[in-house]
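just need the structure, nothing else, for what follows:
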Amino acid sequence: MSAKLKYRHEHKFFINYHQFHIIRSRLRSLVDKDSHAGPTGEYHIRSLYFDDVDNKALHEKLGGIHDRVKYRIRVYNVQDHVIHFEKKIKKNDYIAKVKEPLTRSMYDSILAGNYEVLNQPDKPFLMELYLEMKHKLLRPKVIVDYVREPYVSRFGNVRITFDKELRTGLHATDVFDPNLKPVRALDDNLIILEVKYDEYLPGAIRSALQLEGLNRQSASKYVICRKHLKFNTWEDF
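Predicted structure coming up:
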């Protein structure tokens with residue numbers, strides 16, 4: 001499975017709304033709106049992040065470990081026709097992703113603690129998840145919720161996203177819960193800018209972004225939301 005992985009560059013920055021409007025204005029003639037975005041140019045993302053009994057993903061991120069993985073279930077616009085279990089693999093500034101679709105029935109089984117639904121030897125990633133849940137007690141930890149405004153360019157296979165209104169579901173673990181009321185996990189004025197590309201970032205786009213003047217961060221939404229959970233409960237890392 002690893003031989004087929006495609007690694008890409010990924011850079012993250014915290015920006016304020018003033019910077020957002022300037023950067024978006026500069027980019028307009030250089031990139032296209034993502035076709036998956038709705039009439040507003042945005043869509044909603046909700047992810048359920050998993051971690052093991054030792055909180056390995058959390059501690060490796062906080063400890064600055066360069067090579068690490070995270071597991072999550074992701075849905076869009078709180079709809080269940082597209083549900084993916086994903087593994088995000090990080091190696092220094094490079095990322096790769098492995099994912100497998102889930103049915104709503106499979107999702108409900110996983111949430112109910114019936115991990116046998118993942119015991120499918122013909123699907124290596126699902127088997128990996130099954131073994132992680134069985135032997136390392138990989139379990140749901142926190143919901144991460146935000147609105148994404150995405151742009152793309154075929155030159156360099158660039159993807160630029162502005163992630164707004166980062167919220168956490170605190171102790172909730174059902175992404176489809178109609179009564180879920182996620183709370184803000186990041187300052188209202190902050191947006192997470194993510195820049196992903198293959199071998200190169202075209203000069204015109206780089207100039208428009210002016211990345212050198214931005215506040216580059218290790219902006220893990222998972223860690224931000226777990227920290228928010230800790231500071232609002234008795235959870236102990």
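
in stretch 150-170, what counts as buried?
Neighbour counts using 16 or more other CB atoms under 10 Å place 150-153, 156, 158-170 of stretch 150-170 among the buried residues. C-beta coordinates here come from the backbone N, C-alpha and C atoms, glycine included.

stretch 95-103 too?
Buried positions in stretch 95-103, judged by neighbour count with 16+ other CB under 10 Å: 95-96, 98, 100, 102.

and for stretch 33-42?
Using 16+ other CB under 10 Å as the test for burial, stretch 33-42 gives 34, 42.

residues near residue 81, how many?
Number of residues near residue 81 (other CB atoms under 10 Å) recorded here: 9.

any idea how far it lies from residue 101?
For residue 81, the distance to residue 101 equals 10 Å [CB to CB, to the nearest Å].

same question, residue 216
33 Å.

can you check residue 141 too?
With CB to CB as the criterion, residue 141 and residue 101 are 22 Å apart.

again with residue 207
Residue 207 sits 39 Å away from residue 101, going by CB to CB.

now do residue 90
23 Å.

residue 213 too?
Residue 213 is 40 Å from residue 101, by CB to CB.

same question for residue 34.
For residue 34, the distance to residue 101 equals 20 Å [CB to CB].

can you give me the helices for this protein?
17-27, 56-62, 104-111, 124-135, 203-209, 221-232 (DSSP state H).

turn those into JSON lines, including distance to residue 190 and mean pLDDT.
Shown next, in JSON lines, are the helices of the chain (distance: least, CB to CB, whole Å; pLDDT from 0 to 100):
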{"stretch": "helix 17-27", "distance to residue 190": "9", "mean pLDDT": "95"}
{"stretch": "helix 56-62", "distance to residue 190": "19", "mean pLDDT": "92"}
{"stretch": "helix 104-111", "distance to residue 190": "31", "mean pLDDT": "98"}
{"stretch": "helix 124-135", "distance to residue 190": "32", "mean pLDDT": "97"}
{"stretch": "helix 203-209", "distance to residue 190": "17", "mean pLDDT": "94"}
{"stretch": "helix 221-232", "distance to residue 190": "10", "mean pLDDT": "80"}
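
of all those, which lies closest to residue 179?
helix 104-111 (15.2 Å; CB to CB).

flag every buried residue along that closest one.
Within helix 104-111, judged by 16+ other CB under 10 Å, the buried ones are 106-107, 109-110.

among those residues, give me the pair with the biggest separation.
Farthest-apart pair in the buried residues of helix 104-111 is 107 and 109; separation 7.3 Å (CB to CB).

this completes my enquiry, with thanks.
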